[in-house]
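Participant: Below is the sequence, then the predicted model.
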Amino acid sequence: MKEKCFIRGIGVVSAQGIWRSDFFDEAVEITVSKAYAEQPSYKELIAPNMIRRMSKGIKMGIYAAQQALDEAGVSELDAVITGTGLGCLEDSEKFLKNVLDNDEEFLTPTSFIQSTHNTVGAQIALRLGCKAYNFTYVNGAVSFESALLDSLEQLQGGDAHSILVGGIDEISGHTFTLKQLIGEVKADDVQETIRTSNSAGVNYGEGATFFTLSHVSSVDSYAEVVDVCVQNRLDKEELADFVDRFLDVNKLDRSVISALVLGNSGDITYDHYFEELGKLFEDRVQLYYKHLYGHSDIASAFGMATAAYVLKEQSIPENIVWKAGKQIPLTYVLLYNQYKGRDHSLVLLKRS
Amino acid sequence: MEELKEELKGKIIEVLNLEDIEVSDINDDDSLFGDGLGLDSIDALELIVLLDKGYGIKLSDPKQGKAIFESINTMADFISKNRTK
Amino acid sequence: MSRGVGITGMGIVSAIGLSVEENLLALSQSRCGISRIDNFDTRHRDNVLVGEIKLSNRDLEDRIGLTKGHSLTRTGMLGILAARQALQQAELDLKDTSIRTGLISSTSVGGMDVTEKYFYAYMQDVELQHYIRSHDAGVSTQQIADDLGLRGAVTTISTACSSAANAIMLGARLIKSGRLDRVIVGGTDALSKFTLNGFNTLMILSDTYCRPFDQHRKGLNLGEAAAYLVLESEELIAKEEKTVLARVVGYGNANDAFHQTASSENGEGAFLAMQKAFAVGGIEPRQIDYINVHGTATPNNDLSEGRALLRAFGEKVPIFSSTKSFTGHTLAAAAAIEAVYSVLAIQEGMVFPNLHFETAMEEFDLIPQVDVLHKEIDYVLSNSFGFGGNCSTLILGR
């Protein structure tokens, strides 16, 4: 008998600030190519002798993680699992620049030791004194979904009872200049929203999103995570089969899905994948979220927070509707994401 | 010597990003590691680079740092005897 | 006792050889692959020794058959060479899409070897810009999957120096739970100025041959390598009548939660990882015939790991050695190449030596195996620890 996986707590640091009850009411659509996260105060949370070395990504991760733990009222963890596309970019870039600019002389270790991709997961464990399983996934747009898959395997298999899972990505100077150079991120003078986008590339948004997952539900649970799958490559024509196989494994079909949460990013060269997926569920409401969080490899974690929120509230904030659909009770929500036609993922949530 | 000590305190605060600490908070004989300023092994490596970059002193073994970095006094003493710039 | 997940193929490129056979030969002849850096310029050349693969990027391109304008980094190219070998030995037909196949790779530097060359040049030179996206760690995995023609569940783990152990662990779990039928697992990392200078700032690079578990050890030799193993489900192995080389029997990951880089004095994380691996495999410490230790030869690691071994095994610590004395510390690839060596140890009935050892450490009475030893080996335990307190243990069995 498979155990279950419930979302018990959520934590977010984003361009819209931190996770809170009126998060969506107050959210403002992003129109800039680089959306920096609104940083909360970290002093109450992180000891001064630790905080002095921490980059933005580490602090955002620690904050979002603690928010997710507090909301769930969980302190004992069986695993800390993170995903990040670009890793600890600020420290990584800082150390690299020092190596290049100083011709390998007078280098100090701090930025190097914090440049490894698993720094956020490690620092969360260190702060909590958590000796449990600790993994970090770094596979582009499925970095968070890989972490979620790992969590689900452990919870459903009965190997874990409580897991902290999340995604972090931060914006850093030169790397983003390079990303703009090759058109992955829109140029600084472009001011488009996802809906009005007429160009390739994305509005990038940094941030951290964490979840406390548990094998048992509570009255406050957001939703149940039913399943997740990742696929490195997929032609548009294979989408229908990809979705049907995923639902079939879970003994479900398309008819049970009450809403879609899509990863539209405003990159006009690849957003047609989302359109194609939408066609499979013609009359169902389609939601989106990257216009509030910005695109990043782990923005889909925020997509899951969005889906969890609507399932719990049983109502949909108007500003996340991509395409209206027929009004039905929200039971199953299907999330779909891809980046540049690669790294496709499906996540299925159910009302708990 | 006093000047060097003040200079060291300022540099340590800057290099180690000791946000809430002022030069006047550090006494010359306060221990820098452990119960004093609370520095750790990574800070010791940062200080080794500080010696190299600021005073032209190269340490090859991190263990040497232990005695040198005991306090501002010991650091200033070592620097004044060994500096090459 | 669980039978574990079957390994049906493996591939490796390291400083001691470009195939499984070449690696075995070097190991059995105690031939170490540590040398000066030749493939890139660094001011540290005369002060450090490394486990470098003596093929230039051009040589690698030729071996793989790449044409101009490709965007593979050295990390990606090493990965492709090793993964192709693993696929070939396991005789995988990736065209059959009814068999659910995955790739779980790992890397710590990703495309840093290219980024550090062109970081500023990218701004002026349009010809180079196709390399920009190759920087991200996950891209090396994408490129390996594309080269193999693999479509399926593909992901990448990066937990510093324990990465590949975690990739192997995840692969075994996904087979066990029935999510995948077969999976290629391992890791790849190229030498780079970035990591070389990084470890140099920590003052843990040795200027001589590294000597794990020696009283006078001075630090590690960095290395580069890639290795992959093919894991397949019982049903598939039975159906296709495949030869099982060895099995992934136990695994465990734990966090030391002590310090970002240093290991705790009593080796808590390492101890917990070993305990978990015993529990998963359902085997007793006394059943372990050989330990391929993490043994980086830094003062901190070997002391901490040694104490963890004493805690896990009591006074009867099995025969152990660190093969990093042959290859250097190959970071994210380390656990993958050491898993290949562990399989070879079982297959060949051979313990590979811990080179350059002279004097026992004063803290305990642990002496590594210094010569090639022939003996029957049923179970090998392999440790890998990384920055961020990440501790992993694999147990491989016959």
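Facilitator: Great, that's in hand. Everything quoted here is computed from the prediction, not taken from an experiment. Residues are numbered from 1 along each chain as shown, chains lettered A, B, ... in the order given.
Participant: C-alpha only now, for contacts and for neighbours.
Facilitator: OK.
Participant: what about the residue of chain B positioned farthest from its centre, which SS state?
Facilitator: Within chain B, residue B:20 marks the point farthest from the mean C-alpha position, 17.5 Å out by Cα atoms, centre = their mean. The three-state label given to residue B:20 by DSSP: H, G, I helix; E, B strand; the rest coil is coil.
Participant: which helices and strands does the worst-scoring helix or strand of chain A on mean pLDDT pack with?
Facilitator: Least confident helix or strand, chain A: helix A:48-51 with a mean of 87, by mean pLDDT, DSSP states H and E. Judged by 3 or more Cα pairs under 8 Å, 6 or more residues apart in numbering or on different chains; DSSP states H and E, helix A:48-51 is in contact with no other helix or strand.
Participant: which of the residues in that helix are buried?
Facilitator: Neighbour counts over helix A:48-51 (16 or more other Cα atoms under 10 Å in any protein chain shown) mark A:49, A:51 as buried.
Participant: remind me which residues of chain A are low pLDDT?
Facilitator: For chain A, the stretches with pLDDT under 70 are A:1.
Participant: Which residues are in contact with the residue nearest the centre of chain C?
Facilitator: Centrality entry for chain C: nearest residue to the mean C-alpha point is residue C:334, 2.3 Å, by Cα atoms, centre = their mean. The contact partners of residue C:334, by Cα atoms under 8 Å, 6 or more residues apart in numbering or on different chains, come to C:161, C:162, C:164, C:187, C:225, C:384.
Participant: Okay, and the beta partners of the last one?
Facilitator: What that stands for is residue C:384. residue C:392 (DSSP bridges).
Participant: And it, how close does it get to residue C:252?
Facilitator: According to Cα to Cα, to the nearest Å, residue C:384 stands 11 Å off from residue C:252.
Participant: and what of the third one?
Facilitator: Here the distance between residue C:164 and residue C:252 works out to 13 Å (Cα to Cα).
Participant: So for the two, which sits in the more crowded spot?
Facilitator: Legend: neighbour count by other Cα atoms under 10 Å in any protein chain shown for residue C:164 and residue C:252, higher for residue C:164 (37 against 25).
Participant: That one against residue C:108, yeah?
Facilitator: No. Judged on Cα atoms under 8 Å, residue C:164 makes no contact with residue C:108 at a distance of 9.8 Å.
Participant: hey, what's in contact with both of those two?
Facilitator: Common neighbours of residue C:164 and residue C:108, using Cα under 8 Å, 6+ apart, are residue C:332.
Participant: Around residue C:364, how many other residues sit close by?
Facilitator: Using other Cα under 10 Å, the number of residues around residue C:364 comes to 11.
Participant: From the contacts of residue C:334, which land in strands?
Facilitator: Among the contacts of residue C:334, DSSP state E puts C:187, C:225, C:384 in strands.
Participant: Go ahead and flag the most central residue of chain A.
Facilitator: Centre-most residue of chain A, counting by Cα atoms, centre = their mean: residue A:301, 2.1 Å.
Participant: wait, doesn't that one sit right on residue A:144?
Facilitator: Yes. At 6.2 Å, residue A:301 and residue A:144 qualify as touching, with contact defined as Cα under 8 Å.
Participant: Tell me the residues that contact both of these two, please.
Facilitator: A:166, A:167.
Participant: about what we covered before: tell me the spacing between the residue nearest to the centre of chain A and residue A:145.
Facilitator: 8 Å.
Participant: For residue B:26, the count of nearby residues, please.
Facilitator: For residue B:26, the count of nearby residues is 19 (other Cα under 10 Å).
Participant: what pLDDT does it get?
Facilitator: pLDDT for residue B:26: 92.
Participant: do the one 5 residues further on as well
Facilitator: Predicted confidence (pLDDT) for residue B:31: 90.
Participant: which SS state does it fall under?
Facilitator: Using three-state DSSP, the secondary structure recorded for residue B:31 is coil.
Participant: and if you look at residue C:143?
Facilitator: Classified using three-state DSSP, residue C:143 is helix.
Participant: Excluding sequence neighbours, find me the nearest residue to it.
Facilitator: residue C:76 (6.7 Å; Cα to Cα, 6 or more residues apart in numbering or on different chains).
Participant: Buried ones in the helix or strand containing that neighbour, by neighbour count?
Facilitator: According to DSSP states H and E, residue C:76 maps onto helix C:74-90. Of the residues in helix C:74-90, those buried by neighbour count under the rule 16+ other Cα under 10 Å are C:74-87, C:90.
Participant: pLDDT on that helix, on average?
Facilitator: Here helix C:74-90 scores 98 as its mean pLDDT.
Participant: all helices for the chain, in order.
Facilitator: Just so you know, I chose chain A. Using DSSP state H, the helices of chain A run over residues A:23-26, A:48-51, A:56-72, A:89-101, A:110-113, A:119-128, A:143-156, A:173-181, A:239-249, A:272-279, A:290-293, A:299-313.
Participant: wrong chain, I was asking about chain C
Facilitator: Along chain C, counting by DSSP H, helices occupy C:20-28, C:57-64, C:74-90, C:112-118, C:137-148, C:163-176, C:193-201, C:234-239, C:268-281, C:299-313, C:324-327, C:334-348.
Participant: which residues are in contact with both of residue C:384 and residue C:252?
Facilitator: Common contacts of residue C:384 and residue C:252 (Cα under 8 Å, 6+ apart): C:392, C:393.
Participant: Out of the helices of chain C, which is the most enclosed?
Facilitator: Sort the helices of chain C by mean neighbour count, taking mean count of other Cα atoms under 10 Å in any protein chain shown, and helix C:324-327 sits at the top with a mean of 30.
Participant: And the average pLDDT for it is what?
Facilitator: Mean pLDDT, computed over helix C:324-327, is 98.
Participant: neighbouring contacts of that helix?
Facilitator: For helix C:324-327, the surrounding residues in contact (Cα under 8 Å, 6+ apart) are C:14-16, C:27, C:30-34, C:51, C:209-212, C:223-224, C:294-296, C:354-356.
Participant: Could you export that helix as PDB, CA atoms only?
Facilitator: C-alpha atoms of helix C:324-327 as PDB (Å, rounded to 0.1, in the frame of the first residue of the first chain):
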ATOM      1  CA  LYS C 324      42.400   8.500  -5.000                       C
ATOM      2  CA  SER C 325      46.200   7.800  -4.700                       C
ATOM      3  CA  PHE C 326      45.900   6.600  -8.300                       C
ATOM      4  CA  THR C 327      43.400   9.100  -9.800                       C
END
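Participant: Verify the stated contact: residue A:280 with residue A:240.
Facilitator: Yes. Between residue A:280 and residue A:240 a contact is recorded at 6.9 Å, counting by Cα under 8 Å.
Participant: sorry, back to before: how confident is the prediction for the residue farthest from the centre of chain B, by pLDDT?
Facilitator: With respect to pLDDT, residue B:20 has a value of 84.
Participant: that older thread, residues in contact with the least confident helix or strand of chain A: which ones?
Facilitator: Residues contacting helix A:48-51 (Cα under 8 Å, 6+ apart): A:43, A:59, B:18, B:19, B:38.
Participant: Buried residues, the worst-scoring helix or strand of chain B on mean pLDDT. List them.
Facilitator: Within chain B, no helix or strand scores below helix B:65-68, which has a mean of 90 by mean pLDDT, DSSP H and E. Burial within helix B:65-68, assessed by neighbour count using 16+ other Cα under 10 Å, is assigned to B:65, B:68.
Participant: Spit out the contact partners of residue C:371.
Facilitator: Counting by Cα under 8 Å, 6+ apart, residue C:371 touches C:30, C:352, C:353, C:354, C:355.
Participant: what does chain A put close to chain B?
Facilitator: Neighbours of chain B within chain A, by Cα under 8 Å from any Cα of the partner chain: A:48, A:49, A:52, A:53, A:106, A:107, A:108, A:109, A:110.
Participant: pretty sure the fifth one is touching residue B:47, no?
Facilitator: Yep, that's residue A:106 we're talking about. No. Between residue A:106 and residue B:47 no contact is recorded; they are 10.9 Å apart, counting by Cα under 8 Å.
Participant: if you look at stretch C:35-54, does any of it touch chain B?
Facilitator: No. Under the criterion of Cα under 8 Å from any Cα, chain B is not reached by stretch C:35-54; the shortest gap measures 11.3 Å.
Participant: I am finished for the moment; much appreciated.
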